[in-house]
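Asks: here are the coordinates; sequence isn't available:
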């Protein structure tokens, strides 16, 4: 019998085999849970089938959670746990409650003194810090940058200032089809010697993680003649940007 | 045959079974590597034996890496990779190159255009962000705080200001035997409504992750009569502190 707790269940980043990025222990936990809180029922079912093909999906209960879900309703999602049954949160990609609505459920569980157990899985944030060669003793993840050009540039200058003043690696993300645009902004705004690491499609077959100075990126992108060549340098796929000195 | 690259190989946090925190894929990678860069040869050998009991340790080459290792020597550690053989970095705990000297090797590999592949494993930083219920869209890890009391308090006030001004979760660590002292400082310095999450012994049998306001922590610690009771609240083991509003 699985100990009653709110289990935070990571999923693969993209279409990667389960065994490449998730410990086998996660499967043991998953098969012990009947109540799941999920962002999208269809993809959660697909994930569970992939983890355990013999799973009886119809015996499971799914509660949907997204930005529009009412807070009072979210609270009731934890009722099975209050009655002594384990509950799982499944994210859409990577680790739940890191950059998704799962954090609200966890906050409620913590407030109610319910046990919360995070499981190991792929986090593009940690994997990219590891592979960048940048400072991992001090780093900050900022999610998306402001969209408005002026604010975005101001923010980037602030983050670059922190790289030098606080010796801190700065991480942020962008919608895939805007990756190239963001890279071009970085190359305009940042100092030539500042280093940019671009980690794309982490843990997937096309994974690419490259760290170069602003000058080097400029030279490479300047030499790229076609959109295809530019996309080889800055792929149109889930990616994370890191800057450091 | 394993593709030539610098593989970043996480280990368990404490004495946890391998299958609880590492994907089986990591074992496949490990058995394909003959050259390892490690912080401590003895514990690296022990880890490899645990991952694969049939491994022929004596056929493997270990290069030791710590704060005192000469930079020029570090560069030569990558020679096997330059000649087309995979190389692995093994950390002492958790993910390599996040809060250990491995980052220097990765930086050299990136500068030389060598491929770097991070493997999934337990990161107390990500696991604690997940389980805290705090903002995972924006968070900063700061490693150790300044030791000198005045500087430490100043730093804590700065980090708390960022919680409110930037809506950013702040993470830091302490040497285990000083955890209680740090908690007491937090309770003196931070606002009563600020929340503190203490994640101790993550992924280990005694794992405890609790989020409470400064007021609540104060009340609980104030009511603790013995050292034993205080240590139950703030364990003397590897832990990570998080603050948020």
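Replies: Alright, I've got the coordinates. Just so it is clear, the structure is predicted and the values come from calculations on it, not from any experiment.
Asks: contacts, neighbours, all on C-alpha from now
Replies: Will do.
Asks: got the domain ranges for chain A?
Replies: According to automatic domain parsing, chain A comprises the domains A:6-118, A:124-244.
Asks: least reliable of these by average pLDDT, please.
Replies: The stretch with the lowest mean pLDDT among those is domain A:6-118, which comes in at a mean of 93.
Asks: and that domain, how far from the chain's centre?
Replies: 15 Å (CA atoms, centre = their mean, to the nearest Å).
Asks: could you see whether chain B lies near stretch A:15-27?
Replies: Yes - using CA under 8 Å from any CA of the partner chain, stretch A:15-27 reaches chain B at A:19-26.
Asks: report the buried residues of stretch A:144-156.
Replies: By neighbour count on 16 or more other CA atoms under 10 Å in any protein chain shown, the buried set for stretch A:144-156 is A:145, A:152-153, A:156.
Asks: now do that stretch: everything it contacts.
Replies: Under the contact criterion CA atoms under 8 Å, 6 or more residues apart in numbering or on different chains, stretch A:144-156 has outside partners A:172-174, A:185-186, A:189-190.
Asks: swap the cut-off to 7 Å and go again
Replies: Stretch A:144-156 is contacted from outside by A:172-174, A:189, using CA atoms under 7 Å, 6 or more residues apart in numbering or on different chains.
Asks: next one: stretch A:180-189
Replies: Contacts of stretch A:180-189 from elsewhere in the structure, counted by CA under 7 Å, 6+ apart, are A:153, A:214, A:218, A:234.
Asks: give me the subset of the residues of stretch A:15-27 next to chain B lying in helices.
Replies: Judged by DSSP state H, the residues of stretch A:15-27 next to chain B include A:19-21, A:24-26 as members of helices.
Asks: name the residues of chain A found near chain B, please.
Replies: Proximity of chain A to chain B is confined to A:19-25, A:96-99, A:103-104, A:106-107, A:110, A:116-118, A:120-122, A:127, A:129-143, A:210-211 under the rule CA under 7 Å from any CA of the partner chain.
Asks: redo the residues of stretch A:15-27 next to chain B as a markdown table? Include neighbour count.
Replies: A markdown table is the format used below for those (neighbours: other CA atoms under 10 Å in any protein chain shown):
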| residue | neighbour count |
| --- | --- |
| A:19 | 15 |
| A:20 | 21 |
| A:21 | 26 |
| A:22 | 28 |
| A:23 | 25 |
| A:24 | 18 |
| A:25 | 17 |
| A:26 | 22 |
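Asks: going by distance to residue A:245, which of the residues you listed wins?
Replies: Distance ranking of the residues of stretch A:15-27 next to chain B against residue A:245, using CA to CA, places residue A:21 first at 30.2 Å.
Asks: format the contacts of stretch A:180-189 as TSV; extra columns: distance to residue B:87.
Replies: Rendered in TSV, the data for these read as follows (distance: CA to CA, whole Å):
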residue	distance to residue B:87
A:153	39
A:214	28
A:218	30
A:234	26
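Asks: ranking by neighbours, what's the top pick from those residues?
Replies: residue A:234 (25 neighbours; other CA atoms under 10 Å in any protein chain shown).
Asks: take the buried residues of stretch A:144-156 and write them to a markdown table, including distance to residue B:13.
Replies: Listed next are these as a markdown table, based on distance: CA to CA, whole Å:
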| residue | distance to residue B:13 |
| --- | --- |
| A:145 | 33 |
| A:152 | 38 |
| A:153 | 40 |
| A:156 | 35 |
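Asks: tell me the two of the residues you listed that are most distant?
Replies: Largest separation among the buried residues of stretch A:144-156 by CA to CA: A:145 and A:153, giving 9.3 Å.
Asks: hang on, the earlier thing: which one of the contacts of stretch A:180-189 sits closest to chain B?
Replies: When those are compared for distance to chain B (CA to the nearest CA), residue A:214 comes out closest, at 13.1 Å.
Asks: leaving out chain neighbours, which residue sits closest to the closest one?
Replies: With CA to CA, 6 or more residues apart in numbering or on different chains as the measure, residue A:192 is the residue that lies nearest to residue A:214, at 4.9 Å, once sequence neighbours are left out.
Asks: dihedrals phi and psi, that neighbour?
Replies: phi -60, psi -30 (degrees, to the nearest 10).
Asks: check the one 10 residues further on too.
Replies: The phi and psi values for residue A:202, taken as degrees, to the nearest 10, are phi -60, psi 140.
Asks: nearest spatial neighbour of residue A:118, skipping sequence neighbours?
Replies: The spatially closest residue to residue A:118, leaving aside those adjacent along the chain, is residue A:8, at 4.7 Å (CA to CA, 6+ apart).
Asks: isn't the one you found up against residue A:119?
Replies: Yes - using CA atoms under 7 Å as the test, residue A:8 is close enough to residue A:119 to be in contact (5.8 Å).
Asks: just the strands in chain A please.
Replies: Residue ranges of the strands in chain A, as given by DSSP state E, are A:6-9, A:35-38, A:61-64, A:87-90, A:116-118, A:139-144, A:169-173, A:195-200, A:208-213, A:239-244.
Asks: of the ones you listed, which is nearest residue B:30?
Replies: Of all these, strand A:208-213 comes closest under CA to CA, at 20.5 Å.
Asks: related to what we said a few turns ago, which of the residues of chain A next to chain B are buried?
Replies: In terms of neighbour count (16+ other CA under 10 Å), the buried residues within the residues of chain A next to chain B are A:20-25, A:96-99, A:103-104, A:106-107, A:110, A:116-118, A:120-122, A:127, A:129-143, A:210-211.
Asks: top helix in chain A by residue count?
Replies: Determined from DSSP H, the single longest helix within chain A is helix A:149-166.
Asks: tilt between that helix and strand A:239-244?
Replies: Between the axes of helix A:149-166 and strand A:239-244, defined by axes from the mean of the first three to the mean of the last three CA atoms, to 10 degrees, the angle is 50 degrees.
Asks: isn't the residue nearest to residue A:214 up against residue A:212?
Replies: No - taking CA under 7 Å as the contact criterion, residue A:192 and residue A:212 are not neighbours in contact, 10.4 Å apart.
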